[in-house]
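> sequence unavailable; structure follows:
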């Protein structure tokens, strides 16, 4: 059985734009991993950009005052992660 994944059209263009415009000190594309690795990565992240989905739940491991940019379709209005981040 194939695992469903969310895809974002233009993802590589977005990544290139972030690298070019923001010139982050450290930039990592993280797709999935074990629980401990995920906790470590999110606990050190100042900014996370991701497509709406269960992976955004990992924001609970992020430092206070960090930033999460959640990408979702215009017509979709699920604010569950906004409330979780609050």
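Alright, I've got the coordinates. Given the structure is predicted, the values throughout are model-derived calculations rather than measurements. Numbering: from 1, shown residues only.

> geometric centre of the protein: which residue is closest?
Nearest to the geometric centre of the chain sits residue 50, at 3.0 Å (CA atoms, centre = their mean).

> can you pull the contacts of the nearest residue to it once chain neighbours are set aside?
Leaving aside its sequence neighbours, residue 50 sits nearest to residue 56 (CB to CB, 6 or more residues apart in numbering; 5.4 Å). C-beta here means a position set from N, CA and C on the backbone, and glycine is covered the same way. Going by CB atoms under 8 Å, 6 or more residues apart in numbering, residue 56 touches 48, 50, 68, 70, 81.

> helices and strands around the helix or strand hosting the last one, which ones?
This means residue 81. Element membership for residue 81 (DSSP states H and E) is helix 80-85. Applying 3 or more CB pairs under 8 Å, 6 or more residues apart in numbering; DSSP states H and E, one finds that helix 80-85 contacts strand 67-71.

> next, the buried residues of the strand it packs on.
Using 16 or more other CB atoms under 10 Å as the test for burial, strand 67-71 gives 68, 70.

> can you list contacts of that strand?
Identification of contacts with strand 67-71 by CB under 8 Å, 6+ apart yields 8, 46-52, 56, 59, 62, 81-82, 85.

> again, but for stretch 75-86
Under CB under 8 Å, 6+ apart, the answer for stretch 75-86 is 52, 56, 57, 59, 60, 68, 70, 72.
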